[in-house]
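Student: Got a predicted structure plus its sequence, pasted below:
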Amino acid sequence: MKVLKFGGSSVQTPERIRNVVKIVKADKQARVVVCSAFGGITDQLINTAKMAEKGDETYKNLFKEIEKRHIEAAKELIEIKRQSSVVAQVKNLLNELEELLEGIFLLRELSKRTLDNIVSFGERFSCYIISEYAKDAGLQAEYLDTRKVIRTNSNFTNAAVDFEITDKLIQEYIAQHPALQIATGFIGSNAEGVTTTLGRGGSDYTVSIFGAALQASEIEIWTDVDGVMTADPRKVAQAFPVPTLTYEEAMELSHFGAKVIYPPTMVPALKKNIPILIRNTFNPDFKGSIIYNQSSSDGKAVKGITSISNIALLRVQGSGMVGVAGVSARLFGALAKESISVILITQASSEHSICFAVKPEEAPLAVKLINEEFATEIQRSEIDKVVAEYDLSIVAIVGENMKKTSGVAGKMFQSLGKNGINITAIAQGSSELNISVVIKKEDEVKALRALHQAFFLSDIKVINVFIVGVGLIGSTLLKQIQEQKKYLLKEYSIDFKIIALANSKKKLFDANGIDLTVWKERLFNSPENMDMESFVREMEQLNLPNSVFIDNTASSLVSSFYERILKASISIVTPNKIASSGGYHQYQNLKDLAKKHDVVYLYETNVGAALPVISTLQDLVNSGDKILKIEAVLSGTLSYIFNTFDSTKKFSEVVKDAKLKGYTEPDPREDLSCSDVARKILILTRECGYPMESSDVVIHGFIPESCQKAPSVEEFFVELEKSDAYFEQMRANAEKEGKVLRCIAKFENGRADIALQAVGREHPFYQLSGSDNIIAFTTARYPERPLLVKGAGAGAEVTAAGVFADMIRIANYL
Ligand SMILES: NC(=O)c1ccc[n+]([C@@H]2O[C@H](COP(=O)([O-])OP(=O)(O)OC[C@H]3O[C@@H](n4cnc5c(N)ncnc54)[C@H](O)[C@@H]3O)[C@@H](O)[C@H]2O)c1
Ligand SMILES: N[C@@H](CCO)C(=O)O
Ligand code: NA
């Protein structure tokens with residue numbers, strides 16, 4: 001035998017009522033069906049009564065609406081030949097309600113007793129109409145006014161049930177009434193037969209009382225969600241229903257805002273060990289959640305994540321508390337006197353302070369009460385004056401199996417920490433059912449998402465990506481991400497979600513992720529103009545967990561925001577060399593900030609594109625090797641130029657060709673002047689631990705001044721053509737000696753320099769082709785034959801691939 005309950009949203013409209021009856025009809029075990037008032041009616045009844053009490057005659061309009069809704073529902077649901085008698089019965093009830101309201105209007109008085117009576121009409125209308133419709137639908141059904149069987153005390157609006165009498169009344173009634181009972185939720189009556197209501201939780205409580213009295217095999221609560229969810233789906237889109245949970249887990253989750261079930265309503269069911277099923281009227285084929293007394297065996301330690309959005313934290317501290325008995329009794333006694341409910345308490349074993357959370361609206365009174373209670377101690381400076389901290393939230397993870405599993409708290413704190421969420425207080429009861437943390441209110445949603453990710457979606461890790469710069473490198477990167485998306489998801493469960501894109505003109509944000517097949521159109525058509533300040537602000541405000549910022553520009557304006565971005569606990573990947581090769585202080589500061597905020601700052605592509613140059617150097621240094629010398633060809637552009645330039649070609653044409661192939665900087669003078677190489681060798685010296693500045697790098701330049709000084713890229717090429725003969729001369733001279741030209745950067749004995757050199761066959765740098773870079777590390781462990789890294793050091797594909805690889809490294813870290 002089963003008892004079912006349908007809430008207000010399930011019986012909101014005639015169409016939904018038909019659906020409810022269909023569900024009931026399909027269930028051969030259903031014995032009692034408890035229903036709420038039509039969605040919204042209870043509030044309307046209360047408002048109407050309150051208006052009447054105030055002497056506001058327009059209460060009559062509200063009454064008319066209530067009248068209309070029920071009569072229309074009856075007309076729509078009941079078959080023609082029985083309609084007039086059902087409508088007449090509804091009208092009788094409406095007349096009774098109208099008279100009551102008139103009385104309130106005349107007397108200007110609304111007692112709790114009268115309010116209960118008024119409110120009871122909601123369930124009486126709905127259940128009567130539903131029961132009549134059920135008959136039409138072929139069910140052997142009857143209306144049950146539960147005031148006949150639920151006996152309560154006279155605490156109106158929140159009456160307590162007398163279970164001894166109620167259980168007996170229910171059992172007798174059901175024994176004598178074989179038809180399916182459509183029973184009013186929420187209401188009962190006292191010993192004198194006066195109408196009462198059961199307070200919050202209402203109809204859930206009613207069905208639980210019936211289930212317990214009848215020893216039902218199951219209690220089904222039909223609502224408008226798929227069950228108890230892993231998190232509030234309005235805050236965590238990936239939340240999903242929990243298949244099974246214990247009564248305790250359900251209570252913990254419900255206490256913290258998962259409003260699927262009101263905890264006290266479970267007590268009668270829990271006492272008799274009756275499973276409660278949460279089902280969705282709008283998705284009746286889904287099996288929902290089962291709440292019972294078996295802890296699940298699926299190995300999941302955490303069942304749900306929940307939060308209280310707004311709390312205040314109060315701290316009572318001082319030397320006068322250490323080892324003194326009775327302080328907490330006085331403290332909480334003072335609060336209890338004014339019925340202030342304490343939501344969470346923590347005290348460290350030093351006994352130096354007690355910290356607790358209350359509703360923010362109760363905090364000022366709590367502060368006052370405590371300061372009064374401890375006035376003497378405060379005056380003697382034994383206890384500090386208590387102050388309240390506002391705008392905080394509690395986020396909690398809940399699960400019975402936590403007590404059998406180690407590492408749960410570790411995982412919780414790690415995922416909060418990695419997302420830059422600071423924890424103000426922590427509480428865990430010794431039942432180990434719940435670990436709660438107090439954090440800033442603005443971080444609540446981010447924390448919920450990060451924890452949900454960590455505990456429920458550990459199979460899929462969503463990385464939220466913000467990209468500035470979609471030129472050559474940026475657009476190639478987007479193409480690579482798109483091509484590799486499926487693979488990464490399948491093999492590594494990493495999901496790169498592109499949240500924002502920008503170039504120098506436009507920006508585009510989409511918290512749901514930008515579809516990479518149409519990013520160009522979307523960015524082009526975006527109404528938002530780009531400015532870095534607002535881009536960063538929007539990124540900060542979104543406050544998404546696992547965020548990564550990618551800078552694919554050569555802009556110093558963009559890199560000037562890195563500090564702020566790292567401080568917002570957002571990792572950075574960039575091929576832009578400006579930050580790493582600017583002032584040493586800035587370089588070091590960025591590394592320190594990343595460490596401090598537990599995020600990652602990666603710039604492997606600053607040197608040799610995707611070639612493992614920086615990581616190799618870091619490995620050498622970290623493992624204790626000593627770098628004696630670095631010798632390198634660090635410019636893909638210059639390498640390509642001198643590998644390709646022969647007597648058949650003009651120098652200026654080879655440079656244009658390099659630009660076309662995507663090797664050059666956005667401004668190729670950066671390459672030809674060696675300033676790009678200077679940046680790279682500077683970065684390498686710094687990775688070796690030398691606090692060098694760019695002015696310390698000696699450049700033996702080789703391009704004529706006229707080229708260098710050209711005011712634009714176009715004019716630079718004009719000047720360069722004029723110098724073709726000069727470069728041909730240089731090349732021919734080298735060739736005569738059997739040599740080739742190489743722009744070599746060197747770092748030795750704390751000194752870095754760059755020069756164009758003619759090298760012969762015996763030189764390890766003689767054999768290069770394309771845009772090859774080569775880096776030779778001579779170290780204590782590689783003294784004779786240096787460690788060599790060699791390969792294409794420029795170009796869109798390899799550079800984007802290097803950026804992508806850094807992103808994957810971060811994804812694995814986060
Ligand atoms: N080409 C290579 O082989 C290579 C190798 C390693 C590193 N890099 C580096 O990659 C970076 C990008 O190079 P690219 O060839 O793709 O350049 P690009 O000129 O093709 O693209 C630059 C992008 O940045 C955008 N941009 C510039 N300033 C901006 C600003 N202030 N705000 C927003 N967006 C801005 C532009 O609109 C464009 O989308 C450079 O830092 C370069 O040094 C390139
Ligand atoms: N312009 C650079 C790109 C790689 O940093 C080069 O030619 O090496
Ligand atoms: Na590299």
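Tutor: Now that the structure is in, tell me what you want to look at. Ligands and ions are numbered 1, 2, ... in the order given.
Student: any idea which strand is longest in the chain?
Tutor: When the chain is parsed with DSSP state E, its longest strand is strand 304-317.
Student: tell me the pLDDT at F256?
Tutor: The pLDDT attached to F256 in the predicted structure is 56.
Student: L814 contacts N546, doesn't it?
Tutor: Yes: applying CB atoms under 8 Å, one finds L814 in contact with N546, separated by 4.8 Å. In this view, the C-beta of every residue, glycine as well, is placed from N, C-alpha and C.
Student: Touching both of these two, which residues are there?
Tutor: Residues touching both L814 and N546 by CB atoms under 8 Å, 6 or more residues apart in numbering: K418, K461, I463.
Student: Considering those, which possesses the most neighbours?
Tutor: Highest neighbour count within those: I463, with 23 neighbours (other CB atoms under 10 Å).
Student: Which secondary structure state does that residue sit in?
Tutor: Of the three states, I463 takes strand according to DSSP: H, G, I helix; E, B strand; the rest coil.
Student: List the contacts of V24.
Tutor: If a contact means CB under 8 Å, 6+ apart, then V24 has L4, A30, V33, A134, L139, L180 as its contacts.
Student: pLDDT below threshold where in this structure?
Tutor: Applying pLDDT under 70 to the predicted model, the residue ranges of the chain that meet it are 255-260, 296-299, 349-351, 429-431, 458-459.
Student: near ligand 1, which residues of it?
Tutor: Proximity of the chain to ligand 1 (CB under 6 Å from any ligand atom) is limited to residues 468-474, 502-504, 530, 532, 552-555, 557-558, 575-577, 605, 609, 636, 662-663, 665-666, 794-795, 799.
Student: Would you verify that Y726 is located in a strand?
Tutor: No: under three-state DSSP, Y726 sits outside any strand and is assigned helix.
Student: ok, so what distance separates it from D619?
Tutor: Look at Y726 and D619: by CB to CB, to the nearest Å, they are 42 Å apart.
Student: who's more crowded, these two?
Tutor: Relative neighbour count places Y726 above the other of Y726 and D619, with 15 against 11, counting by other CB under 10 Å.
Student: distance of the more buried one from K490?
Tutor: 56 Å.
Student: that older thread, which ones among the residues of the chain next to ligand 1 lie within strands?
Tutor: With strands defined by DSSP E, the entries of the residues of the chain next to ligand 1 inside them are V468, A502.
Student: Go ahead and build a ChimeraX selection from the buried members of the residues of the chain next to ligand 1.
Tutor: Command for ChimeraX, covering only those of the residues of the chain next to ligand 1 found buried under the criterion 16 or more other CB atoms under 10 Å:
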select :468,469,470,472,473,474,502,503,504,530,532,552,553,554,555,558,575,576,577,605,609,636,662,663,665,794,795,799
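Student: ok, and of the residues of the chain next to ligand 1, which contact ligand 2?
Tutor: Checked against ligand 2 using CB under 6 Å from any ligand atom, these give the following subset in range: A609, G636, Y663, E665, A794.
Student: surely the second one meets Y663?
Tutor: Yes: the pair formed by G636 and Y663 meets the contact definition of CB under 8 Å, at 4.6 Å.
Student: which residues are common contacts for those two?
Tutor: A shared contact of G636 and Y663, defined by CB under 8 Å, 6+ apart, is any residue touching both; here these are S771, A794, G795.
Student: so where do the strands sit in the stretch 101-250 of the chain?
Tutor: Counting by DSSP state E, counting those that start in this stretch, residue ranges of the strands within the stretch 101-250 of the chain are 141-144, 180-184, 187-189, 195-197, 218-223, 244-246.
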